[in-house]
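Undergrad: Build me a structure from this.
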Amino acid sequence: MTTKYIFVTGGVVSSLGKGITASSLGKLLQARGLQVTMLKCDPYINVDPGTMNPFQHGEVFVTEDGAETDLDLGHYERFLNKEMHHYNNFTAGKVYETVIARERHGDFLGTTVQVIPHITDEIKNRFRAAAKGADIAIIEIGGTVGDIESLPFLEAARQMGLEAGRENSLYVHVTLIPYIKASEELKTKPTQHSVQKLREIGIAPDVLVCRSEKPIDANMKAKLSMFCSVPKESVIEAPDVESIYEVPMVFHKQGLDDQIMMLLRLRTQSKDLDSWNEVVRRLKHPKREIVVALAGKYTDYKDAYKSVNESLVHGGIANEAKVNIRFLDTTDPKIEEQLDGVHGILVPGGFGDRGIEGKIRVAQLAREKKIPYFGLCLGLQIAVIEFARNVLKLNGAHSTEFNQKSRYPVIDLLPEQKSVKDKGATMRLGTYECTLKKGSLSHRAYGTVNISERHRHRFEVNNKFRKLLEDAGLTIAGLHSPKNLVEIVELKDHPWFVACQFHPEFKGRPEAPHPLFRDFVAACVERAETHGRNPIHA
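TA: Residues are numbered from 1 along each chain as shown. Predicted structure coming up:
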């Protein structure tokens, strides 16, 4: 069948949840048997988000093929339970880079290169390339209607409506209905103005998804319908919910998927949402509760660890447990006090030396107090540094990322990284194979010896210290054999101490929790049941 395009735009303010809206819509259409793909367009000039500060942009999500992408691709993968690739996310910077390279090559000889048609044509080409083989392509356009930088993307979306035909294209506008506390009223005027801005561009939205902290009644929906020229059935309420995984069912109950099917002239098999309903049931009715300490650097901005947070939720789903995350201040000299009442410790990836000593102290407490420990990327390096300092007694052991003059550089730059000068897209990125040690905790979790996981790092365990570490009781539980690189370490005589150089959080799904997160949460549940609420002093 001809590919149908759904464009998701945002109005009034940013951070309304366009990514969750697009993912939820994708889930509903997928449940009807349609092949759905997703695409995120980011209007900033960076070629990709790989060099951006997480405080500005949230986490960088890494795909199987090694692309550093927007965190919304994580939502796409988790909701649709399928892999995204480099072509599922592109930026204005990437578009301009491509067009300018073609101009320098001579592809446009004799032509004045302009935003229209050259930039918009490149954007449309990327729309079509990402949509290849799909029944439905849901394209999320970043930013807010009215922003200068997103105009070429909106113009390309408008042109696609003409070229694909109205029966093959549809526009969903996510907007805000603010509540004015002083007058105790919901206001539709900002949404009216946002839709007016879209119309000036040449786009008339087919569906309004309205975010609001208060219920939107039938009269207000009728008002929005009249002033925005959208059928009442296509004015969809998007209230705040306890979990983002409830959103597809909220939309389904209002008939959003039926409306989309009707507008796109589609007929498909009956809906199959049983698996998703079970996910939501387990989330809303946990049988137990645990506390996991997350010792990171960017804990003031939770989106910096979005995939980690969600993978812990998935581990909770598998164990029918509510996972409460306690974000630690790793610069606090009294960090031990922050660990009272926790049942597990997770040290995620990160860059820079702020809070490093606090993380090392946390790893030491996890080892000595037998608290379940899960290290991701930097979290593995922290575990190795701590072990070298306090078990091997190598005073000053460190990573050359933080101390290039360390006498005991147990973590060092990968050999192939030593000649790298550029920062963008030059790390060890994407999927690499790993061979697990039989009988290890990791082997038991995965149920197989050969696995593959996603990476994003420059530093690795220094093989010069491997024998010392192993002889002292640190198990090398996973190796990338082609280059003899340490991928997983575990501790003997510990209930659950696993640290990996890769990022398992990028492969976690609510319908298929990652094996390591599942077993980490299970170990935390066991700790909670045997040690109660004060494990640090047990």
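Undergrad: so Cys434, which of the three states?
TA: strand (DSSP: H, G, I helix; E, B strand; the rest coil).
Undergrad: Tell me the spacing between it and Ser440.
TA: Computed as CB to CB, to the nearest Å, the Cys434 to Ser440 distance reads 12 Å. To be clear about C-beta, it is placed using only N, CA and C from the backbone, and glycine gets the same treatment.
Undergrad: now do Glu289
TA: According to CB to CB, Glu289 and Ser440 sit 29 Å apart.
Undergrad: Compare those two and say which is more crowded by neighbours.
TA: Ranked by neighbour count (other CB atoms under 10 Å), Glu289 and Ser440 place Ser440 first, with 19 against 13.
Undergrad: Next, the closest residue to the more buried one other than its chain neighbours: phi, psi?
TA: Nearest in space to Ser440, with sequence neighbours left out and distances taken as CB to CB, 6 or more residues apart in numbering, is Ala477 at 3.9 Å. Main-chain dihedrals, Ala477, degrees, to the nearest 10: phi -90, psi -10.
Undergrad: can you check Arg211 too?
TA: phi -80, psi 140.
Undergrad: first vs last residue of stretch 459-471, how far apart are they?
TA: 23 Å (CA to CA, to the nearest Å).
Undergrad: now do stretch 53-70
TA: 12 Å.
Undergrad: can you offset everything so residue one is 52?
TA: New numbering, starting at 52: the last item is stretch 104-121.
Undergrad: Next, the buried residues of that stretch.
TA: By neighbour count on 16 or more other CB atoms under 10 Å, the buried set for stretch 104-121 is 105, 108-115, 117-121.
Undergrad: Tell me the one of those nearest Asp351?
TA: Taking CB to CB as the measure, Asp351 sits nearest to Pro105 out of the buried residues of stretch 104-121, at 10.2 Å.
Undergrad: now that closest one, nearest residue through space, not along the chain?
TA: Leaving aside its chain neighbours, Pro105 sits nearest to Ala355 (3.7 Å; criterion: CB to CB, 6+ apart).
Undergrad: pull the CA atoms of stretch 315-323 into CSV?
TA: Output of stretch 315-323 as CSV, limited to C-alpha atoms (Å, rounded to 0.1, in the frame of the first residue of the first chain):
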residue,chain,number,x,y,z
LEU,A,315,-6.5,8.2,6.1
ARG,A,316,-9.1,5.9,4.5
LEU,A,317,-7.7,2.8,6.2
ARG,A,318,-9.3,-0.6,7.0
THR,A,319,-7.3,-3.1,9.1
GLN,A,320,-7.7,-6.0,11.5
SER,A,321,-9.1,-5.7,15.0
LYS,A,322,-7.0,-4.1,17.7
ASP,A,323,-4.6,-6.1,19.8
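Undergrad: Please work out the average pLDDT along that stretch.
TA: Summarised as a single mean, pLDDT over stretch 315-323 is 84.
Undergrad: hey, which helix or strand in this structure has the poorest pLDDT?
TA: helix 105-108 (a mean of 82; mean pLDDT, DSSP states H and E).
Undergrad: Restricted to helices, list the buried residues of stretch 104-121.
TA: Judged by DSSP state H, the buried residues of stretch 104-121 include 105, 108 as members of helices.
Undergrad: Below-threshold pLDDT in this structure: ranges please.
TA: The chain contains residues with pLDDT under 70 at 583-589.
Undergrad: residue closest to the middle of it?
TA: Taking CA atoms, centre = their mean, the centroid of the chain lies closest to Gly125, which sits 3.3 Å from it.
Undergrad: What residues sit buried inside the biggest helix by length in the chain?
TA: Identified as the longest helix of the chain according to DSSP H is helix 566-582. Neighbour-count burial for helix 566-582 flags 566-579, 582 (criterion: 16+ other CB under 10 Å).
Undergrad: of those residues, closest to Gly367?
TA: The nearest member of the buried residues of helix 566-582 to Gly367, counting by CB to CB, is Val572 at 5.7 Å.
Undergrad: For the closest one, give its distance to Lys248.
TA: 45 Å.
Undergrad: before we move on, back to that, with the buried residues of helix 566-582 in mind, which one is nearest to Val166?
TA: Using CB to CB, the buried residues of helix 566-582 come closest to Val166 at Phe568, 44.4 Å.
Undergrad: I'd say the closest one and Phe557 touch.
TA: No - between Phe568 and Phe557 there is no contact, the gap being 11.3 Å when judged by CB atoms under 8 Å.
Undergrad: Give me the distance between stretch 294-308 and the centre of its chain.
TA: 20 Å (CA atoms, centre = their mean, to the nearest Å).
Undergrad: Same check on stretch 153-161?
TA: The answer for stretch 153-161 is 37 Å, by CA atoms, centre = their mean.
Undergrad: With stretch 488-499 instead?
TA: Distance of stretch 488-499 from its chain centroid, counting by CA atoms, centre = their mean, is 26 Å.
Undergrad: same check, this time on stretch 434-445
TA: Worked out by CA atoms, centre = their mean, stretch 434-445 lies 32 Å from the chain centre.
Undergrad: buried ones in that stretch?
TA: Buried, per 16+ other CB under 10 Å, within stretch 434-445: 434-443, 445.
Undergrad: Tell me the spacing between the residue located most distally from the centre of the chain and Glu154.
TA: Residue farthest from the centre of the chain, counting by CA atoms, centre = their mean, is Gly161 at 43.7 Å. Per CB to CB, Gly161 is found 11 Å from Glu154.
Undergrad: could you list every residue that touches Val150?
TA: By CB atoms under 8 Å, 6 or more residues apart in numbering, Val150 lies in contact with 164, 169-170, 173.
Undergrad: got the phi/psi numbers for it?
TA: Backbone torsions for Val150, taken as degrees, to the nearest 10, come to phi -70, psi -40.
Undergrad: Leu76 should be in a strand, yeah?
TA: No - with three-state DSSP as the criterion, Leu76 is assigned helix and is not in a strand.
Undergrad: residue ranges for the helices of the stretch 52-201 of the chain, please.
TA: Along the stretch 52-201 of the chain, counting by DSSP state H, counting those that start in this stretch, helices occupy 69-81, 105-108, 123-131, 143-156, 171-182.
Undergrad: can you put those helices in TSV and add distance to Val359?
TA: What follows is the helices of the stretch 52-201 of the chain, written out as TSV (distance: least, CB to CB, whole Å):
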stretch	distance to Val359
helix 69-81	17
helix 105-108	12
helix 123-131	10
helix 143-156	27
helix 171-182	27
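Undergrad: so which of the ones you listed gets nearest Glu329?
TA: Judging those by CB to CB, what sits closest to Glu329 is helix 69-81, at 13.8 Å.
Undergrad: what comes into contact with the closest one?
TA: Counting by CB under 8 Å, 6+ apart, 57, 59-61, 87, 89, 91, 122-123, 126-127, 129-131, 187, 189, 191, 193, 223, 225, 260, 289, 295, 298-299, 301-303, 307-308, 311-312, 322, 324, 327 sit against helix 69-81.
Undergrad: what do you get for stretch 271-281?
TA: 228, 237, 239, 242-243, 246, 255-259, 261, 282-283, 285-286, 288.
Undergrad: Report the buried members of those.
TA: The buried subset of the contacts of stretch 271-281 (16+ other CB under 10 Å) comprises 228, 237, 239, 242-243, 246, 255-259, 261, 285-286, 288.
Undergrad: Closest one of those to Leu213?
TA: Checking the buried ones among the contacts of stretch 271-281 one by one against Leu213 (CB to CB), the nearest turns out to be Ala255, at 12.5 Å.
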